[in-house]
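Colleague: sequence first, then the predicted structure, then my questions.
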Amino acid sequence: MVRRIALGFILLCLVAFGLKTQVALPGLWGYAPLNWGIGPGSQPIDLVVWYDREQHVWMEASARRFAASRPQVGGRPLNLRLVAMDSWDLVDRVVRQDWQGAPPPNVVMPASQLWLEELRVGWGTLNGGAIVAADEGTPLFLSPLVAVAWEDQAQRLWPAGQQRFWWDLHDALRDPDGWAGVVARAGFAEDSEQVAAAQRWGEVKLAFASPLRTNSGAQTLMLMAYGYYERTTGLTLADVRQAGLRQWLREIEQTLPALSESDAELMQNMAEFGPGRHDLIIVPEHIAMQQIEAAQSRWEQGLRMYYLPATIFSEYPYAILNAPLSRAEQRTAAERFRTFLRAREQQELARHYGFRPIAPAVPIMSGDPDNPFFRASPYGAQEALAQPVERPPREVLEALLGLWDERN
């Protein structure tokens, strides 16, 4: 009897093991406690996401939440793998299929739609086919470009408002007397206290990230071109080729320091080193809010955010890649992760890190003391924004970047 019971138990175990390796059972029964790595119920689905490093803190926190929910697709566990890099590198490496030891992506999350368009065109040209469908690229949240400047200097630079933001800035950068010349043009006498204070400020010091290597830099270049023509739509190849724009941009570029490839580094330098390093920088809003509050106690002058009269957004699109980089089960897993990221809890988390949620149920400027928009409102943060400029066609942007590249 004992032998019969033991034999029966062994047979039941063998049947259970066979079922486990051949049938994807739900819940814990499908994957635990023994995982021999065979059978569909045992093998996880790897979902590899390449994303712009600006999202790093939010993405890592969201990924931990996602893993804690024990996600499954078709009864199989979902294993999320994240790779962070700059958007420019992301597009370049995917187009050339240059993985450099990293797992090839099934999803890409660049900073802006403009990089997604570069990926579509670049892949089609080099590899053929469509790696990203035309309707792919769901925005996850928004971040507009803002100017961060010392309050006293901004008041001297734009005493009557910022309607001609870029022209006023261009003229200030080119003034041989620097801030003293800016203040004198504002109507103060040469022997006034205001001009004397401005003389101590020296030359006007602007900084922004490289247009050739960063998303924010390319966007800044677009805004400058629109600012030159004082309009917000219809930038054409003929506009970019105009000698006047070329000379105007050259005059700005000649005043700039070596351009950084990091918005966070620009903001950190401004907050830590004060007016001696930069007078004004152009960075994404979420980067500005990471340092703006802490900088107030370090310097006599107040550091503030200024919203541009015409702005541009980074949308952080989520794009699921087609074959050969994604299989059917990976695309299903990617849809599951996208739904998770767009849910209210992750949108509130995005707001916590200074991004503007796309979920209508998550207000931007709530009175929550943990809301960075609310905390930064004394330093210029606001909910309302100017109308964004029209994104120029790809060939116009490439010509604009080529124009900048001629001088660098």
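Modeller: Looks like it arrived, so ask away.
Colleague: Ser210 contacts Ser260, correct?
Modeller: Yes. Contact criterion CB atoms under 8 Å: Ser210 and Ser260 qualify, at 6.9 Å. The C-beta positions use only the backbone N, C-alpha and C, and glycine is treated the same way.
Colleague: which residues are in contact with each of these two?
Modeller: Common contacts of Ser210 and Ser260, defined by CB atoms under 8 Å, 6 or more residues apart in numbering, are absent altogether.
Colleague: tally of neighbours for the residue lying closest to Arg164 once chain neighbours are set aside?
Modeller: Residue nearest to Arg164 in three dimensions, not counting chain neighbours: Glu230, with 7.3 Å by CB to CB, 6 or more residues apart in numbering. Neighbour count of Glu230, defined by other CB atoms under 10 Å: 12.
Colleague: how close does Glu230 get to Arg185?
Modeller: From Glu230 across to Arg185, the span is 19 Å (CB to CB, to the nearest Å).
Colleague: ok, now Arg391?
Modeller: Remark: distance between Arg391 and Arg185 (CB to CB) = 34 Å.
Colleague: the bottom helix or strand of this structure by mean pLDDT?
Modeller: Least confident helix or strand, the chain: helix 2-22 with a mean of 59, by mean pLDDT, DSSP states H and E.
Colleague: so who does the nearest residue to Ser69 once chain neighbours are set aside touch?
Modeller: Spatially, and ignoring its direct neighbours in sequence, Ser69 is nearest to Phe340 (7.7 Å; CB to CB, 6+ apart). When contacts are counted by CB under 8 Å, 6+ apart, Phe340 touches Ser62, Phe66, Ser69, Pro71, Gln346.
Colleague: do the same with Trp404
Modeller: Pro211, Leu212, Leu221, Leu249, Glu253.
Colleague: mind picking the two most distant members of those?
Modeller: The most widely separated members of those are Leu212 and Leu249, with 13.3 Å between them, by CB to CB.
Colleague: neighbour count for those two, which is higher?
Modeller: Remark: of Leu212 and Leu249, Leu249 carries more neighbours, 21 against 16, as counted by other CB under 10 Å.
Colleague: pretty sure the more buried one contacts Leu401?
Modeller: No. The pair Leu249 and Leu401 fails to qualify as a contact (CB under 8 Å) at a distance of 11.4 Å.
Colleague: what do those two both touch?
Modeller: Joint contacts of Leu249 and Leu401 (CB under 8 Å, 6+ apart) are Leu221.
Colleague: thinking again about what came up before, list the ones among the contacts of Trp404 that fall in helices.
Modeller: Leu221, Leu249, Glu253 (DSSP state H).
Colleague: can I get these in TSV with distance to His170 and pLDDT?
Modeller: Listed next are the ones in helices among the contacts of Trp404 as TSV, based on distance: CB to CB, whole Å; pLDDT from 0 to 100:
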residue	distance to His170	pLDDT
Leu221	14	96
Leu249	9	95
Glu253	11	93
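Colleague: and of those residues, the nearest to Ala197?
Modeller: Glu253 (28.3 Å).
Colleague: the closest one: how many residues sit nearby?
Modeller: For Glu253, using other CB under 10 Å, the count is 15.
Colleague: same question, the one 5 residues further on
Modeller: With neighbours defined by other CB under 10 Å, the count for Ala258 comes to 6.
Colleague: ditto for Thr236
Modeller: By other CB under 10 Å, the residues close to Thr236 number 14.
Colleague: grab the nearest non-local neighbour of it.
Modeller: Val396 is the one closest to Thr236 (CB to CB, 6+ apart), at 6.4 Å.
Colleague: so what's the backbone phi/psi at the one you found?
Modeller: Backbone torsions of Val396, given as degrees, to the nearest 10, read phi -70, psi -40.
Colleague: then Ala147?
Modeller: Dihedral angles for Ala147 - degrees, to the nearest 10 - are phi -100, psi 140.
Colleague: measure the closest residue to it other than its chain neighbours to Ile281 for me?
Modeller: Excluding its sequence neighbours, the residue lying closest to Ala147 (CB to CB, 6+ apart) is Tyr306, at 4.3 Å. Going from Tyr306 to Ile281 by CB to CB gives 11 Å.
Colleague: please give me every residue in contact with the residue nearest to Thr236.
Modeller: Leu235, Thr236, Leu237, Asp239, Val240.
Colleague: so what's it scoring on pLDDT?
Modeller: Val396 is assigned a predicted lDDT (pLDDT) of 94.
Colleague: what about Cys218, how many residues nearby?
Modeller: Heads up, residue 218 is Ala, not Cys. Applying other CB under 10 Å, I find that Ala218 has 24 neighbouring residues.
Colleague: where does it land in three-state SS?
Modeller: Following DSSP: H, G, I helix; E, B strand; the rest coil, we place Ala218 in the helix state.
Colleague: isn't it right next to Glu117, touching?
Modeller: No. Ala218 is not in contact with Glu117 according to CB under 8 Å; the separation is 11.9 Å.
Colleague: can you pull out the strands in the stretch 1-150 of the chain?
Modeller: Taking DSSP state E, counting those that start in this stretch to define them, one finds strands in the stretch 1-150 of the chain at 45-52, 72-73, 76-85, 107-109, 138-139, 141-150.
Colleague: what helices and strands are in contact with the third one?
Modeller: Applying 3 or more CB pairs under 8 Å, 6 or more residues apart in numbering; DSSP states H and E, one finds that strand 76-85 contacts strand 45-52, helix 56-68, helix 328-341.
Colleague: gap between Gly101 and Tyr307?
Modeller: Applying CB to CB to Gly101 and Tyr307 gives a distance of 42 Å.
Colleague: which of those two has more residues huddled nearby?
Modeller: Tyr307 (18 against 4).
Colleague: partners of the more buried one in the sheet?
Modeller: Val146 (DSSP bridges).
Colleague: on the pLDDT front, check it for me.
Modeller: At Tyr307, the pLDDT value in this model is 95.
Colleague: quick check: it vs His286, distance?
Modeller: 14 Å.
Colleague: one more: Ser210?
Modeller: Distance from Ser210 to His286, by CB to CB: 19 Å.
Colleague: so for these two, which residue has more residues nearby?
Modeller: Taking other CB under 10 Å, Ser210 and His286 do not tie; His286 has more neighbours (26 against 20).
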